[in-house]
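Undergrad: attaching a predicted model along with its sequence, questions to come.
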Amino acid sequence: MSITTIAAAHYGDFSAVAKDYHKVAPSYAISVLRCLKSHVCDGRENFRTADVGAGTGKLALQLSELGFAGYAIEPNDAMREQGQSWLRSEHGFRWLAGSAEMTSLADASVDWVCMGTAFHCVDPVRTLSEFERVLRPGGFFTAIWNLTDDDLRNSIEEHIEELEPGLERAYRRALRVMDSIEDILLRSGQFGDCLRIEATNFEQRSRAQFMEAWKCNHDIVSQVSSARWQEILASIEDMIPSESFTVRSRTQSWTVRKVSES
């Protein structure tokens, strides 16, 4: 199989993979999202949600299917443009340019802020202060991740480390932040009442789909040459066990509530 890709401009830049990203991003476990809905949404009218770091809108789409509406906020122009092209206004989410540290939202304008597989990419102190500002009294913030968690993924990660020791992997950064997320959220003093919800999710993937997902990698490709990246991709493909197989991912979320003003 011939694999081609375009290198990202720099670490963390999704611009080069934006056009394909929504096709390969795994779905969040619907059981977790339904539990979150029960926890954060009390049936009040005009409930507004902000998906911050929305990417191309994978999480926002799933939330819209559960009846949520609000804002999809994304700093990367290419990702946001792709999101706008397939997650249209009829889904109930309005796209805005902004970041976790500067959302562009008005004070006390939303009831729930979510970050899907993105909180490890931001300044947590500035981000939590911004979310405290834009949330209405008693509003919620959820940091949620959806990461592949199976033997194949672990074997591939070990193989990559053998090929290119010391690469800065976004996957590992996410795991480090998840290990301390509750402390990060609570020590700010702006949020309390931390609830953790998680579930295992299974999706069937073909060899081609699996490789398309790896071709949308944004961290390795920014740290090695284009030729070396092709070699790594080819070696990953050699590790795939069959033409169709099940991928196991784990959706994990931490939700905190804005501390009421005294």
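TA: All right, it came through fine. Just so it is clear, the structure is predicted and the values come from calculations on it, not from any experiment. Numbering: from 1, shown residues only.
Undergrad: next, count neighbours for the closest residue to residue 216 other than its chain neighbours.
TA: Distance criterion CB to CB, 6 or more residues apart in numbering; nearest residue to residue 216, sequence neighbours excluded, is residue 17 at 4.1 Å. Any C-beta I mention is one placed from the backbone N, CA and C, and that applies to glycine too. As a burial measure, residue 17 scores 23 neighbours (other CB atoms under 10 Å).
Undergrad: for residue 17, which three-state class applies?
TA: For residue 17, the assignment made with DSSP: H, G, I helix; E, B strand; the rest coil gives helix.
Undergrad: going forward, count from 39.
TA: Will do, 39 is the new start, and the previous item becomes residue 55.
Undergrad: ok, it - contacts?
TA: When the contact criterion is CB atoms under 8 Å, 6 or more residues apart in numbering, the partners of residue 55 are 46, 253-256.
Undergrad: ditto for residue 258
TA: By CB under 8 Å, 6+ apart, the contact set of residue 258 is 198, 202, 205, 207, 267, 270.
Undergrad: ok, now residue 164?
TA: Neighbouring residues of residue 164 by CB under 8 Å, 6+ apart: 138-139.
Undergrad: where's it, which helix or strand?
TA: If you go by DSSP states H and E, residue 164 is part of helix 162-172.
Undergrad: so which of the contacts of residue 55 sits lowest on pLDDT?
TA: Least confident entry in those, by pLDDT: residue 46, with 40.
Undergrad: just want the most central residue of this protein.
TA: In the chain, the centroid-proximal residue (CA atoms, centre = their mean) is residue 155; its distance is 2.5 Å.
Undergrad: chain neighbours aside, what residue packs nearest to that residue?
TA: residue 183 (4.9 Å).
Undergrad: and what of residue 215?
TA: Closest to residue 215 by CB to CB, 6+ apart is residue 158, at 4.0 Å.
Undergrad: ok, so of the contacts of residue 55, who is nearest residue 165?
TA: Nearest to residue 165, judged by CB to CB, of the contacts of residue 55 is residue 256 at 20.0 Å.
Undergrad: the closest one contacts residue 51, doesn't it?
TA: Yes. Contact criterion CB atoms under 8 Å: residue 256 and residue 51 qualify, at 6.4 Å.
Undergrad: where does the prediction get shaky in the stretch 39-188 of the chain?
TA: 39-50, 56, 128 (pLDDT under 70).
Undergrad: now the strands for it?
TA: 87-90, 108-112, 131-135, 148-154, 173-186 (DSSP state E, counting those that start in this stretch).
Undergrad: mind listing the strands the second one pairs with, and their directions?
TA: In the sheet containing strand 108-112, its partner strands are strand 87-90 (parallel), strand 131-135 (parallel), by DSSP bridges.
Undergrad: format those as CSV; extra columns: distance to residue 292 and mean neighbour count.
TA: Shown next, in CSV, are the strands paired with strand 108-112 (distance: least, CB to CB, whole Å; neighbours: other CB atoms under 10 Å):
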stretch, distance to residue 292, mean neighbour count
strand 87-90, 15, 29
strand 131-135, 22, 18
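Undergrad: what's the closest of those to residue 234?
TA: Proximity to residue 234 (CB to CB) singles out strand 87-90 among those, at 19.7 Å.
Undergrad: what sits up against that closest one?
TA: Strand 87-90 has contacts (CB under 8 Å, 6+ apart) with 95, 97-98, 101, 106-111, 131, 136-138, 141, 143, 148-154, 156, 169, 172.
Undergrad: which of those are buried? Put it as a ChimeraX command.
TA: A single ChimeraX command suffices to select whichever of those are buried according to 16 or more other CB atoms under 10 Å:
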select :95,97,98,101,106,107,108,109,110,111,131,136,137,138,141,143,148,149,150,151,152,153,154,156,169,172
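Undergrad: residues of the longest helix along the chain that come out buried?
TA: Taking DSSP state H as the criterion, the chain has its longest helix at helix 208-225. Neighbour-count burial for helix 208-225 flags 208, 212, 215-216, 219, 222-223 (criterion: 16+ other CB under 10 Å).
Undergrad: farthest-separated two in the residues you listed?
TA: Across those, no pair lies farther apart than 208 and 223, at 20.3 Å, counting by CB to CB.
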